[in-house]
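Peer 1: missing the sequence, but the structure's below:
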């Protein structure tokens with residue numbers, strides 16, 4: 001990258017890395033050391049039409065001006081929207097720089113990714129953060145004592161932007177207190193404001209509370225934790241994926257439409273993006289929270305896998321093999337259903353235990369009517385084991 005900037009000959013690239021690692025700051029170097037005309041856009045607020053306007057301009061300026069399209073948070077464009085960059089990057093009409101905090105292989109269109117280099121930025125270490133803080137002190141003129149310096153650097157977790165913002169707040173507090181140094185007193189005022197950073201721990205804690213609130217049928221709590229995640233910069237696609245999982249794990253056959261709605265919501269998130277997709281997520285969260293709950297599908301596959309691991313060598317019953325004269329009874333020849341064994345005899349037990357809840361109660365009745373002997377044998381075994 002440095003050589004390309006010094007030679008005034010940039011190449012299209014995806015700048016990937018954590019927040020505050022310097023991805024967007026590269027643009028200042030490009031402005032200083034190259035003659036590229038720069039269009040800086042943010043995918044969270046930019047439409048495909050705006051991208052096309054820049055592309056048309058770059059086409060008209062071809063051979064006259066070099067154009068760099070710098071897209072912050074390029075992962076906010078879904079994969080279909082990212083197709084808009086392909087013609088320009090392919091023909092070299094303009095150079096594309098896209099920044100992302102996500103894994104490029106997961107969020108960038110493969111066709112676009114193959115036409116760009118991936119440049120990976122890493123978290124800044126404490127020495128780098130210390131140097132940045134020293135520059136800030138030199139610029140602002142408010143010193144920092146050792147205790148405050150240590151707190152700022154460690155709490156920044158490699159994020160220079162967070163470090164600078166925190167120092168700026170502390171400096172303003174120091175000025176109001178008519179002090180020329182950030183000391184323990186200023187730091188205590190700052191900590192009293194309970195300023196927090198959306199860390200990995202916060203990500204997992206809020207996601208856990210979010211899922212448990214929906215499972216517990218509390219839409220207010222679920223919406224609150226989702227809002228916390230979105231305000232912290234969480235990718236809405238992560239939230240939509242969790243909702244799809246929950247729709248089957250915790251609601252399941254009690255309301256099969258939950259999975260349809262969750263899947264449609266994920267599609268809406270891809271098409272719409274932030275900020276509007278928050279409305280789609282809100283609708284889905286409220287529905288899932290208030291839907292009847294059943295984890296029978298989750299329990300069924302868990303039990304099936306447990307049995308499968310123990311019985312890997314059991315043969316499939318002969319009448320289920322695709323061979324002539326196997327003895328298989330074709331259900332449609334018997335009105336749609338006929339009694340015959342489908343499981344190997346050594347493991348002919350009930351795996352799916354339907355819950356008598358909401359829509360699953362109808363499935364419960366059908367299953368019990370068709371396979372009454374499985375229910376009877378289970379009930380008998382429960383009594384022998386001392387169960388109810």
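Peer 2: That came in fine, so what should we check first? All figures in this text were calculated on a predicted structure; none of them were measured in a lab.
Peer 1: ok, residues contacting stretch 265-281?
Peer 2: Contact partners of stretch 265-281, identified using Cβ atoms under 8 Å, 6 or more residues apart in numbering, comprise 43-44, 76-81, 226, 230, 236-237, 239-241, 243-244, 283-284. Yep, even glycine has a C-beta here, placed from its N, CA and C like the rest.
Peer 1: correction: stretch 99-106
Peer 2: Outside stretch 99-106, the residues that touch it by Cβ under 8 Å, 6+ apart are 14-19, 23-24, 70-75, 107-108, 113, 118, 235.
Peer 1: same check on stretch 236-254?
Peer 2: Identification of contacts with stretch 236-254 by Cβ under 8 Å, 6+ apart yields 207, 210-211, 214-215, 226, 229-230, 258-259, 261-263, 265-266, 269-270, 273-274, 277-278, 281, 284-285, 288, 291-298, 354-355, 357-360, 363.
Peer 1: just the terminal-to-terminal distance for that stretch.
Peer 2: Using Cα to Cα, to the nearest Å, the span of stretch 236-254 from its first residue to its last is 26 Å.
Peer 1: do the same with stretch 60-71
Peer 2: The stretch stretch 60-71 measures 20 Å between its terminal residues, going by Cα to Cα.
Peer 1: now do stretch 211-227
Peer 2: As for stretch 211-227, its first-to-last residue distance stands at 13 Å under the measure Cα to Cα.
Peer 1: how about that stretch: buried residues?
Peer 2: By neighbour count, and taking 16 or more other Cβ atoms under 10 Å as the criterion, the buried residues in stretch 211-227 are 211, 213, 214, 215, 219, 221, 222, 223, 225, 226.
Peer 1: same question, stretch 82-102
Peer 2: 82, 84-85, 88-89, 93-102.
Peer 1: let me know the outermost residue of the protein.
Peer 2: Computed with Cα atoms, centre = their mean, the residue of the chain farthest from its C-alpha average is residue 325, at 51.9 Å.
Peer 1: the residue nearest to residue 31 when sequence neighbours are not counted: which element?
Peer 2: Computed as Cβ to Cβ, 6 or more residues apart in numbering, the closest residue to residue 31 that is not its neighbour in sequence is residue 38, at 6.4 Å. Element membership for residue 38 (DSSP states H and E) is strand 37-42.
Peer 1: now what about the next helix or strand after that strand, what contacts it?
Peer 2: Per DSSP H and E, strand 37-42 leads on to helix 48-60 as the next helix or strand towards the C-terminus. Contact partners of helix 48-60, identified using Cβ under 8 Å, 6+ apart, comprise 39, 41, 67, 69, 77, 81, 84, 85, 87, 88, 93, 94.
Peer 1: likewise stretch 343-355?
Peer 2: Stretch 343-355 is contacted from outside by 253-254, 294, 296, 299-300, 303-304, 307, 311, 314-317, 341, 360-361, 363-364, 367-368, 371, 374-375, 377-378, using Cβ under 8 Å, 6+ apart.
Peer 1: got the domain boundaries for this protein?
Peer 2: According to the domain assignment given by automatic domain parsing, the chain is divided into the following structural domains: 2-120, 126-192, 200-290, 313-384.
Peer 1: got these as JSON lines, with mean pLDDT columns?
Peer 2: Formatted as JSON lines, the domains of the chain follow (pLDDT from 0 to 100):
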{"stretch": "domain 2-120", "mean pLDDT": "92"}
{"stretch": "domain 126-192", "mean pLDDT": "88"}
{"stretch": "domain 200-290", "mean pLDDT": "92"}
{"stretch": "domain 313-384", "mean pLDDT": "76"}
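Peer 1: gap between residue 164 and residue 17?
Peer 2: According to Cβ to Cβ, to the nearest Å, residue 164 stands 17 Å off from residue 17.
Peer 1: about what we covered before: list buried residues within the contacts of stretch 343-355.
Peer 2: Among the contacts of stretch 343-355, those classed as buried by 16+ other Cβ under 10 Å are 253-254, 294, 296, 299-300, 317, 360-361, 363-364, 367, 374-375.
Peer 1: go ahead and confirm residue 360 touches residue 294.
Peer 2: Yes. In this structure residue 360 lies within contact range of residue 294 using Cβ atoms under 8 Å: 5.2 Å.
Peer 1: hang on, the earlier thing: the strand holding residue 38: which residues count as buried?
Peer 2: Within strand 37-42, the residues that qualify as buried are 39, 41, counting by 16+ other Cβ under 10 Å.
Peer 1: done for today, thanks.
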